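[1] Any chance you could fold what I've pasted below:
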Amino acid sequence: MARRRQAVTIRHVAADAGVSLQTVSRVINNEPNVRPEMAERVQASIARLGYVPSIAAQRMSGSRSYLIVALNDRERTLADWRSRQGSDWVNQMLLGGMLTCAAHGYRMIVELVDTHSAHIERELSGAIAALQPDGVILTPPHSANPLILDFLEKRQIVFARIGSSAPGPGFALSTDDEGAARDVTRHLIDLGHRRIGLIAGSDEYEQSAWRVAGWRDAMAAAGLDTAGLLAPGDFSFASGTRAAQALLDLPSPPTAIIASNDQMALATLDVTRERGLAVPDALSLVSFDDTPIVRYTHPPLAAVSQPIADVSARAAQLIIDRTMGRPVDGEPLVIPSTFVPRGSIAPPPSR
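    The predicted model follows:
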């Protein structure tokens, strides 16, 4: 049987370069207090031995762990994964965060935490104690949970709040959901629609209220009534089905519907087919999120594309910069969403 090749460790590099373990760790982490000739010697040993730095080696040089943890909603994430209805949101969040972390020698992992748990502080304490991250990225609805914010602030842990613009600790980052909903509603009004329904998302998410506010604002600015045109949802396919049925059962149903996420938009599309209503001839339909599946429906769905990867990348960069002692702007950061018109919208049918 072939013998397993022994992994090269930081100790091998230190012995080869004739320096201390701490010196090797400082070179790995690009610390400033290393003489150039010493750094060159260590880098030459790393190249010669084929050494790949580990997080444990990086931690030897100081208090940093070179680890960022993203906290995601356990209940909703697991429900989506188990039903195989998971969205592209988590993937995009990981894409932006992981690439940014990798560029700075950091690692990013995801922890699922139940925001409804009565033991949320115990859950967080266990995760933080085990991982000792340099920073935490909070995703909705955790980004608005006062228990989590207070927990992290008291422990002086650097964190970023994705999908939050409310005053408070940590870096706040959002995608201007209110402005996006306003722009989409205006676009539909410009096409001639006067009865525009909105399927709202879960009340636990700040973005849900922002989207309702943007829709109401655009309708009010055009002098249009919204009574009866707001249907509650919770981002699930089932809730989208119920909401679409309620809107289309109105005595004067909407000629356009904005769904607050792709699953509820897909549910609305199913309801229209069951009723023999053609999209966009009989009903225009717009979604939020713009996950890949909405581009392959018939017709392809117009959608608000959210720059989740960019937001996650900025969140990770802010945490790294703060941890490294670099100057950072603590003001709320807004990275605007983009409306992508597709074949699911058209002028309303003539009465």
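
[2] what's the helix or strand for the closest residue to Pro254 other than its chain neighbours?
    The shortest distance from Pro254 to any non-neighbouring residue, by Cβ to Cβ, 6 or more residues apart in numbering, is to Gly197 (3.7 Å). Glycine gets a C-beta too; all of them are placed from N, C-alpha and C. Assigned by DSSP states H and E, Gly197 falls within strand 196-199.

[3] The next helix or strand after that strand: which residues count as buried?
    Note on strand 196-199: by DSSP H and E, the next helix or strand toward the C-terminus is helix 206-221. Buried residues in helix 206-221, counting neighbours by 16 or more other Cβ atoms under 10 Å, are found at Glu206, Gln207, Ser208, Trp210, Arg211, Val212, Gly214, Trp215, Arg216, Asp217, Ala218, Met219.

[4] so where's the stretch 51-200 of the chain shaky on pLDDT?
    By pLDDT under 70, the low-scoring segments of the stretch 51-200 of the chain are 53-63, 84-87, 116-118.

[5] From Pro146, how far off is Val340?
    Distance from Val340 to Pro146, counting by Cβ to Cβ, to the nearest Å: 35 Å.

[6] And the protein, split by domain according to the record?
    Segmentation of the chain into domains, based on the TED database, reads 10-61, 67-175+308-336, 177-305.

[7] Report how many residues lie close to the spatially closest residue to Phe151 that is not a sequence neighbour.
    If the residues on either side of it in the chain are set aside, Phe151 comes closest to Leu124, at 5.4 Å by Cβ to Cβ, 6+ apart. Look at Leu124: counted by other Cβ atoms under 10 Å, it has 22 neighbours.

[8] now swap in Ala130 and tell me
    By other Cβ under 10 Å, 9 other residues sit near Ala130.

[9] Tell me the helices and strands packed up against the host helix or strand of it.
    Counting by DSSP H and E, the element that carries Ala130 is helix 120-131. With contacts defined as 3 or more Cβ pairs under 8 Å, 6 or more residues apart in numbering; DSSP states H and E, the secondary structure elements packing on helix 120-131 are strand 67-73, strand 107-113, helix 146-154.

[10] ok, now which ones touch the closest residue to Asp177 other than its chain neighbours?
    The shortest distance from Asp177 to any non-neighbouring residue, by Cβ to Cβ, 6+ apart, is to Trp210 (4.0 Å). Trp210 sits next to Asp177, Glu178, Ala181 when contact means Cβ atoms under 8 Å, 6 or more residues apart in numbering.

[11] Narrow those residues to those in helices?
    Asp177, Glu178, Ala181 (DSSP state H).

[12] Any of the residues you listed buried? List them.
    For the ones in helices among the contacts of Trp210, burial is judged from neighbour counts taken by 16+ other Cβ under 10 Å, and it is met by Asp177, Glu178, Ala181.

[13] dump the residue contacts of the last one.
    Spelled out, it's Ala181. The neighbours of Ala181, taking Cβ under 8 Å, 6+ apart as the test, are Leu198, Trp210, Arg211, Val212, Ala213, Gly214, Trp215, Ala218, Ile258, Phe288, Val304.
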